[in-house]
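> Structure for the following, please:
(chains A and B)
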Amino acid sequence: DSGVTQTPKHLITATGQRVTLRCSPRSGDLSVYWYQQSLDQGLQFLIQYYNGEERAKGNILERFSAQQFPDLHSELNLSSLELGDSALYFCASSVFAANSPLHFGNGTRLTVT
Amino acid sequence: ILNVEQSPQSLHVQEGDSTNFTCSFPSSNFYALHWYRWETAKSPEALFVMTLNGDEKKKGRISATLNTKEGYSYLYIKGSQPEDSATYLCAFKSGAGSYQLTFGKGTKLSVIP
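Sure, this is the predicted structure:
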């Protein structure tokens, strides 16, 4: 058990809808990362937060947004969903030292129908 | 866009064989190189974080080396066991500004009993 909690585990929704994925980092970790894994793709970096502030942004679509709250949990909001957004979304956390390992949650499997 | 390449894409070995695979990354602005192990239906788990050229890390039968000047890292598994079957991911962090950790697509190892 990595100590990182992601909810929900599975999500099935229709095109055009909006969903929120939630992540609670490991106790003591200040940094949260979001990654997307689509079919045949590696882990694609979306965004990173440290202690409530955005620190790095990857190829995150404008329809997607995220935030990290004062209690350090994070939410990833996906709106105007398309079929191509179906993927496994991972949250990971780390102590913010650039050479500290990431601890991954079990992921949220999003299916857009 | 940072290019992190892993080879081979997949590998089948017999139980007891030793094996190795490669991660290639940009040789400029190096900060850190991570290795993760990702078993089916689980989340990625950190193996090593390497930061110094020439660094060598070991964990049981798994070891890794790092060459930052030429931009590659090798992961070695000695005496492969069926439980080593997993996808092995490397991830690169540049020292040039961004906190982004970029993953390769992984090497899928299958160990045949």
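> mind listing the helices for chain B?
Defined through DSSP state H, the helices belonging to chain B form an empty list.
> okay, B:Leu27: pLDDT?
One thing to correct before we go on: residue B:27 is Ser, not Leu. At B:Ser27, the predicted lDDT confidence score is 88.
> for whichever residue of chain B sits closest to chain A, which residues make a bridge with it?
When distances are taken as CB to the nearest CB, chain B reaches nearest to chain A at B:Ala46, 3.4 Å away. For every residue, glycine as well, the C-beta is placed using N, CA and C. When assigned by DSSP bridges, B:Ala46 has beta-bridge partners B:Tyr36.
> which stretches of the chain aren't confidently modelled?
No chain specified, so I'll use chain A. A:97-98 (pLDDT under 70).
> other chain: chain B
In the predicted model of chain B, residues B:1, B:96-98 satisfy pLDDT under 70.
> Counting neighbours, show which residues of stretch B:95-108 come out buried.
By 16 or more other CB atoms under 10 Å in any protein chain shown, the buried positions in stretch B:95-108 come out as B:Ser98, B:Tyr99, B:Gln100, B:Leu101, B:Thr102, B:Phe103, B:Gly104, B:Lys105, B:Gly106, B:Thr107, B:Lys108.
> no, scratch that, I was asking about stretch B:27-38
So for stretch B:27-38, counting by 16+ other CB under 10 Å, buried means B:Phe30, B:Tyr31, B:Ala32, B:Leu33, B:His34, B:Trp35, B:Tyr36, B:Arg37, B:Trp38.
> Could you pull up the contacting residues of B:Gly79?
B:Gly79 makes contacts with B:Gly16, B:Asp17, B:Ser18, B:Arg61, as judged by CB atoms under 8 Å, 6 or more residues apart in numbering or on different chains.
> go on, B:Tyr76?
Neighbours of B:Tyr76 in contact, by CB under 8 Å, 6+ apart: B:Ser18, B:Thr19, B:Asn20, B:Ile62, B:Ser63, B:Ala64, B:Thr65.
> For it, name its beta-bridge partners.
Beta-bridge partners, per DSSP bridges, of B:Tyr76: B:Asn20, B:Ser63.
> What separation is there between it and B:His34?
Between B:Tyr76 and B:His34 the computed distance is 16 Å (CB to CB, to the nearest Å).
> Strands along chain A, start to end?
Applying DSSP state E to chain A gives strands spanning A:5-7, A:10-13, A:19-24, A:31-37, A:43-50, A:53-57, A:64-68, A:74-78, A:87-94, A:103-104, A:108-112.
> Reformat those as CSV; add distance to chain B and mean neighbour count.
Conversion of the strands of chain A to CSV gives the following (distance: least, CB to the nearest CB, whole Å; neighbours: other CB atoms under 10 Å in any protein chain shown):
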stretch, distance to chain B, mean neighbour count
strand A:5-7, 9, 17
strand A:10-13, 13, 14
strand A:19-24, 12, 19
strand A:31-37, 7, 25
strand A:43-50, 4, 22
strand A:53-57, 4, 14
strand A:64-68, 14, 18
strand A:74-78, 15, 20
strand A:87-94, 7, 24
strand A:103-104, 4, 23
strand A:108-112, 11, 18
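> how about those in a markdown table, adding distance to B:Leu89?
Putting the strands of chain A into a markdown table (distance: least, CB to CB, whole Å) gives the following:
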| stretch | distance to B:Leu89 |
| --- | --- |
| strand A:5-7 | 18 |
| strand A:10-13 | 23 |
| strand A:19-24 | 19 |
| strand A:31-37 | 11 |
| strand A:43-50 | 7 |
| strand A:53-57 | 18 |
| strand A:64-68 | 22 |
| strand A:74-78 | 21 |
| strand A:87-94 | 12 |
| strand A:103-104 | 11 |
| strand A:108-112 | 19 |
